[in-house]
Structures are given as structure tokens and as C-alpha cells.
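**Q** Structure for this input, please:
(one chain, ligands or ions: 1)
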Amino acid sequence: MSMMDEKARILELRKELEKYSIEYYVYDNPSITDQEYDRLMQELMALEEKYPEMYDATSPSQRIIGSVLDGFEKVTHDTQMLSLSNVFNKEEIEEFVQRISESVSNPEFVVECKYDGLAMALLYDDGNFTRAVTRGDGIVGEDVSNNVKTILSIPMHIPEMRHVEVRGEVYMPKASFEQLNKRQEEKGLAPFANPRNAAAGSIRQLDSSICASRKLDAYWYYFQNASDFAVQTQEEALQAMSKMHFRTNPLRKVCTTVEQIWQFIQEIQEKREDLPYEIDGMVIKLNNLADQRRLGSTAKVPRYATAYKFPAQEVLTRLKDIVITV
Ligand code: NAD
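**A** Below is the predicted model of the structure:
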């Protein structure tokens, strides 16, 4: 492709990815698979790197594209809710570990499941739940407390009187998804495309009894104000959250080498089908929180963590053929 063609391709990709993001985040109704979306995003990022003069802060590669709908109170996050950079193979994991090792000596990593749901922040004061806020565009989210209260594993009271904010993922367990689509079928309604879109649609219901009937669940993986609690590592943060009654996933591992990381990823990938929830990859996080803070973030993603995305399992359902109702 000529330089002119490649620059034109950048503009074309930005337009296409924006359209797909709106379908995905605003209408919970994707028309392409996540793998195809990721492939187009990789292509865009490679071209943008080649032509830095084409930089645009509004490019899908630079923005957390989310949505904030009418109908829910808008809430500005205390600190931005970020996305994650992606890696797709062992070599890219090696590069990530190498990059971290350049600024941190003997780094430890926590490897966790990457849940395919929607990111959520939970806030507590004086031991009581105060609100639940979606990631939205990372800066402003939606107060969906009424719906989140229907998730029975989420504590309404915690044994901690100080302000607490935890973040994690709300998802639809595979069993709930099957039941939901069975009910849709019985009513002659179109099925939902996947648990992620069904979960996002459920959380945005204005009638919380609908959300309650969808039987969502959640895992919590980020202690936003851990530094107020003398918590020093991600592993300690997970343990501290668990003590406060937040549901954390024991399926995780502290690793020091790429080999250990890769082996654990393979182990989970083999179990993936049997897990009661959907995961689309694994997240690799630097364990030490002070080092995390030192490395900081770009406008969109933290530098101290990355997501390994599993390869496509099979030719996915042709999403375009499915009409999704929310
Ligand atoms: P992402 O899903 O790739 O990764 C970031 C998110 O992972 C975080 O925001 C968090 O919610 C989640 N996460 C799950 N488990 C986690 C854990 N243990 N620790 C930390 N975070 C964890 O990024 P995104 O910005 O939410 O979405 C982008 C992705 O969405 C794309 O890569 C693509 O796969 C998909 N997408 C698809 C379409 C489509 O049309 N099919 C359109 C837009 C986006």
C-alpha cells in the first residue's frame, strides 16, 4: 500500500471502529466478533505508530469508548477507570515483562482471569454500600446502584468504616445465560448474542426486577484506595477485599518468570470451557502497588498490566444473523 493509501486506511479504520464501538457499548448489539474488532484495532495502532503525524486524540485507539445513557445519574469517577493493553502471544508477554524489568528489579506478577463482563466501581462509607457506577467512558459513568443491589453476592455492609472503593467485573454466569435464552425462546423472542452483551443490557434496565431475574454475579479485582490501608501488593489487595466480603477469584497465581505466567495461562485455558463464567483472556499485573503507581498509565491503559487475549476458539456465531433485544 502506498503512503497515501495507508493514511486513508487510518481514517477508514477509525470510522469503522467507532461504528463497531457504538454498536457494542451503546446498544449492546455487536455486528462483528471481538477477535475481528481486535484485529482491526491492531491494524489501526500499527499504522498510527508508522505515521505519528496522523495522531488524533479522538481516535478509537486513544479513547476508552464507553457510553453514558440517559435514565441514570451520571457520576464522575474519583480516578479514571482504565482499559487494558492487549497481548496475543508468548513473545508479546515476554516483551511486556522485559519492559517492566527495565524499571523494576525482580518484578512479581499476579495473573488473573479476564472476565468477559462489564467493569463496575462499588463505593462504601461507614461500612455501608453507597453506590455502584459503570465504567462509562472511563471518566464519567452511570449510577446503576438499584440494579447492582440485585446481585446477591455484593455486600450491602462491610466490616470497614473507612471509605472503600473496589472495582471489578459484573458478568452473567453461563447458567444464567442459558436460562435467559431459554426464556427468550419460550416467549418467542430473539436470543442474546453472548453473556457479556446480556449482562450489559441487564445492568441498564430501568426496572431493577428485570435485572434481578437475570441472575448476574461479579468478581472484584481492584482495590482503588488500597494505599489508605497499608496494602502493598495486588495479592494483598485481593486478600483484603476478600476479608471485607468482596467476592474475589482464588483462580490466580503470583509468578516471577514468563515461563510461569505462560504455564498458568495454558492451565486456565484448558479449564476455560468448564468454568461457570466466560473469560476471554488473562490479565497480567505487576504485583507491587508502589511500582504500579510509579509506572503510571497512558490516557487509556495502565503501563503495569496487560491482557493476554485467548485466540478465537472456533468460527463464532455469525452475530449479524442474531437480532438482539435488551
Ligand atoms: P478489554 O475488555 O479488552 O479489557 C479491559 C477490561 O477488562 C477492563 O476494563 C475490565 O473491565 C476487564 N477485566 C476483566 N477482568 C479483569 C481483571 N482480572 N483485571 C482487570 N481488568 C479486568 O477492554 P475494553 O476497553 O473493555 O473493551 C475493548 C474490547 O471490547 C475489545 O478488545 C474487543 O474485544 C471488545 N469490543 C468488541 C467490539 C465488537 O464490535 N465486537 C466493539 C468494541 C469492543
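
**Q** can you map out the helices along the stretch 1-150 of the chain?
**A** Under the criterion DSSP state H, counting those that start in this stretch, the stretch 1-150 of the chain contains helices at 3-21, 34-50, 90-101, 145-148.

**Q** Out of those, which one sits most buried?
**A** By mean neighbour count, with neighbours taken as mean count of other Cβ atoms under 10 Å, helix 145-148 ranks first of the helices of the stretch 1-150 of the chain at a mean of 21. Every C-beta, even on glycine, is put in place using the N, C-alpha and C of the backbone.

**Q** Run the chain-centre distance for it.
**A** Chain-centre distance of helix 145-148: 19 Å, with Cα atoms, centre = their mean, to the nearest Å.

**Q** Kindly export it (C-alpha atoms) in CSV.
**A** This file holds the C-alpha atoms of helix 145-148, laid out as CSV (Å, rounded to 0.1, in the frame of the first residue of the first chain):
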residue,chain,number,x,y,z
SER,A,145,-26.9,1.0,42.2
ASN,A,146,-30.5,-0.2,42.0
ASN,A,147,-29.6,-2.9,39.6
VAL,A,148,-26.3,-3.8,41.2
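
**Q** what packs against that helix?
**A** strand 128-134, helix 195-203, helix 208-213 (3 or more Cβ pairs under 8 Å, 6 or more residues apart in numbering; DSSP states H and E).

**Q** on that earlier part again, can I get the helices of the stretch 1-150 of the chain in a markdown table including distance to the ligand and mean pLDDT?
**A** What follows is the helices of the stretch 1-150 of the chain, written out as a markdown table (distance: least, Cβ to the nearest ligand atom, whole Å; pLDDT from 0 to 100):
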| stretch | distance to the ligand | mean pLDDT |
| --- | --- | --- |
| helix 3-21 | 4 | 96 |
| helix 34-50 | 3 | 95 |
| helix 90-101 | 14 | 98 |
| helix 145-148 | 15 | 96 |
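
**Q** E267: which of these is closest?
**A** Proximity to E267 (Cβ to Cβ) singles out helix 90-101 among the helices of the stretch 1-150 of the chain, at 14.3 Å.

**Q** quick one: contacts of the closest one?
**A** The contact list for helix 90-101 (Cβ atoms under 8 Å, 6 or more residues apart in numbering) reads 87, 107, 109, 258, 261-262, 284, 286, 295, 303-304, 306, 308.

**Q** Quick one: residues contacting the residue lying closest to A237 once chain neighbours are set aside.
**A** Here the nearest residue to A237 in space, its sequence neighbours aside, is F223; by Cβ to Cβ, 6 or more residues apart in numbering that works out to 3.9 Å. By Cβ under 8 Å, 6+ apart, the contact set of F223 is 164-166, 229, 231, 237-238, 240-241.

**Q** Sort out for me which of those are in strands.
**A** With strands taken from DSSP state E, the overlap with the contacts of F223 comprises 164-166.

**Q** Could you check how far the closest residue to Y24 other than its chain neighbours is from K15?
**A** In this structure, Y24 finds its nearest non-sequential neighbour in P30, 4.6 Å apart by Cβ to Cβ, 6+ apart. Distance of P30 to K15, computed by Cβ to Cβ, to the nearest Å: 17 Å.

**Q** L118 now?
**A** Between L118 and K15 the computed distance is 25 Å (Cβ to Cβ).

**Q** Likewise for P250?
**A** For P250, the distance to K15 equals 43 Å [Cβ to Cβ].

**Q** just to revisit the earlier point, against N86, how distant is the residue nearest to Y24?
**A** Distance from P30 to N86, counting by Cβ to Cβ: 17 Å.

**Q** Strands along the stretch 151-300 of the chain, start to end?
**A** In the stretch 151-300 of the chain, the segments counted as strands under DSSP state E, counting those that start in this stretch are 164-171, 217-223, 252-255, 279-286.

**Q** Now do the same contact list for K285.
**A** Counting by Cβ under 8 Å, 6+ apart, K285 makes contact with 109-112, 234, 292, 304-305.

**Q** For those residues, name the two members farthest from one another.
**A** So, those by Cβ to Cβ: farthest apart are V111 and Q292, at 15.1 Å.

**Q** And those two? Which one has more around it.
**A** V111 (24 against 20; other Cβ atoms under 10 Å).

**Q** so what's the more buried one up against?
**A** 252-255, 261, 264-265, 282-285 are the contacts of V111 under Cβ under 8 Å, 6+ apart.

**Q** and it, bridged to which residues?
**A** K253, I284 (DSSP bridges).

**Q** picking that back up, quickly name whichever of the ones in strands among the contacts of F223 is closest to the ligand.
**A** V166 (11.9 Å; Cβ to the nearest ligand atom).

**Q** Quickly note the distance from the nearest residue to that closest one once chain neighbours are set aside to the ligand.
**A** With Cβ to Cβ, 6+ apart as the criterion, V166 has its nearest non-adjacent residue at 4.7 Å, and that residue is W220. Separation of W220 from the ligand (Cβ to the nearest ligand atom, to the nearest Å) stands at 9 Å.

**Q** And for K285?
**A** K285 sits 7 Å away from the ligand, taking Cβ to the nearest ligand atom as the criterion.
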